[in-house]
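Chemist: fold the following, please.
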Amino acid sequence: MIHPSSFNIKRIVFDEHYHPSDNTRLTTNFANLARGENRQENLRNVIRMINNRFNDLAHWDNPQGSRYSIEVEIISFDMNIDVEGKNDTFPLIEILNTTIIDNKYEKRISGLAGNNFSSYVRDYDFSVLLLNYNKDKTVFNIPHNFGDLHGKLFKSLIHSPVYQKNFHKLPVICLSVSTNKTYHRTDNQHPVLGVEYQQNELSLTDQYFAKMGMKVRYFMPPNSVAPLAFYFFGDLLADYSTLELISTISTMEVFQKVYRPEIYNANSSAPKDYHPSLSHQDYSLTRIVYDREERSQLAIAQGKYTEESFIRPYHDRLEQWSANYSA
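Modeler: Purely as a prediction, here's the structure:
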């Protein structure tokens, strides 16, 4: 049978020597950066940007702006599959884990798990299932069970012994805001997360993460130019320390500056009523090479791989498990 509650964990350090493993989704931000002739320079620049941003936000008792540095690990979870005596694994989910290095006291401090979020099944849902479902339709629609299986697989993972043994807190995922929605600035302001934005209607990504059990809030951190979407369990402001939140902001804001410079490296800050746009022209490029068009093409290819290697071969078993799943 299929055992979605049985997972294996793999760790690899994200540094200037990082090479993507064979099972890493190539659409992943960090994997895309680590390819091509500029790979090592890309990686050095990203790590430098993350450290600089962390020290910018953690500025107290930090007069030289160099007290802290960040170590980033890529965490991969494979799901064990045992069908009719055939043992197999499928690369289910990848996240990032941060560790904060206090250079002043030579101390290591746990950051947060989550940050980036990569999933082959999500590639399938968005780049294969959703596209095929709307192929001949004049009005865009969403299948009634869209994201159900993925959400249950994710819940099964975070409640599994392997996750709870390795991480002391539930994950926080930090992504770009949607280009299809308008966000409204509120009067609520957090010392580190910054100014809170809200919107009247959840985006498709917000709804997808809701199937995973996660809520969403949008904050524009100090000295940022656009809000980020934070997906979390529990209480985002109370459950995590200041340094933990800074580790997530500094890591993911840098990736977004590279991946979506029109939004996160814009030359002006988001207004009170903000509609993000990738057609915005007043922005600056980083010194990091990134192929966004190739990333979109790979998402379709990897979604088809998931369909052929996971969804179709185990469809009936997955449907049965999903119908009986209880968190």
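
Chemist: which strand or helix spans Asn188?
Modeler: strand 183-190 (DSSP states H and E).

Chemist: list the neighbouring strands of that strand plus their orientation.
Modeler: Paired neighbours of strand 183-190 in the sheet (DSSP bridges): strand 194-198 (antiparallel), strand 273-274 (antiparallel).

Chemist: touching the longest one from outside, list them.
Modeler: The contact list for strand 194-198 (C-beta atoms under 8 Å, 6 or more residues apart in numbering) reads 177, 183-186, 188-190, 217-222, 224, 227, 270, 274. (C-beta placed from N, C-alpha, C; glycine too.)

Chemist: reformat the strands paired with strand 183-190 as JSON lines; add mean neighbour count.
Modeler: Putting the strands paired with strand 183-190 into JSON lines (neighbours: other C-beta atoms under 10 Å) gives the following:
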{"stretch": "strand 194-198", "mean neighbour count": "19"}
{"stretch": "strand 273-274", "mean neighbour count": "16"}
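
Chemist: returning to that earlier point: give me the buried entries from the contacts of strand 194-198.
Modeler: Among these, those scoring as buried are 177, 183, 185, 190, 217-221, 224, 227, 270, 274 (criterion: 16 or more other C-beta atoms under 10 Å).

Chemist: want to throw the residues you listed into a markdown table with distance to Arg44?
Modeler: What follows is the buried ones among the contacts of strand 194-198, written out as a markdown table (distance: C-beta to C-beta, whole Å):
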| residue | distance to Arg44 |
| --- | --- |
| Val177 | 28 |
| Tyr183 | 33 |
| Arg185 | 35 |
| His190 | 31 |
| Arg217 | 33 |
| Tyr218 | 31 |
| Phe219 | 29 |
| Met220 | 28 |
| Pro221 | 24 |
| Ser224 | 23 |
| Pro227 | 28 |
| Ala270 | 29 |
| Tyr274 | 32 |
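
Chemist: okay if I get those residues as TSV plus pLDDT?
Modeler: What follows is these, written out as TSV (pLDDT from 0 to 100):
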residue	pLDDT
Val177	97
Tyr183	98
Arg185	98
His190	97
Arg217	98
Tyr218	98
Phe219	98
Met220	98
Pro221	98
Ser224	97
Pro227	98
Ala270	97
Tyr274	97
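
Chemist: pick the one among these closest to Gln64.
Modeler: Pro221 (21.4 Å; C-beta to C-beta).

Chemist: would you agree Arg53 falls within a strand?
Modeler: No: using DSSP: H, G, I helix; E, B strand; the rest coil, the assignment for Arg53 is helix, not a strand.

Chemist: what secondary structure does the nearest residue to it once chain neighbours are set aside sit in?
Modeler: Distances taken as C-beta to C-beta, 6 or more residues apart in numbering put Ser250 closest to Arg53, at 4.0 Å, once the chain neighbours are dropped. Counting by three-state DSSP, the backbone at Ser250 sits in helix.

Chemist: can you tell me how far Ser250 is from Val13?
Modeler: 17 Å (C-beta to C-beta, to the nearest Å).

Chemist: of the two, which one has the most company?
Modeler: Ser250 (26 against 10; other C-beta atoms under 10 Å).

Chemist: pLDDT at that one, what is it?
Modeler: Looking at Ser250, its pLDDT is 97.

Chemist: who's in contact with it?
Modeler: Ile50, Asn51, Arg53, Phe54, Asp56, Leu57, Ile70.

Chemist: list only buried entries from these.
Modeler: Buried among the contacts of Ser250 (16+ other C-beta under 10 Å): Ile50, Asn51, Arg53, Phe54, Leu57, Ile70.
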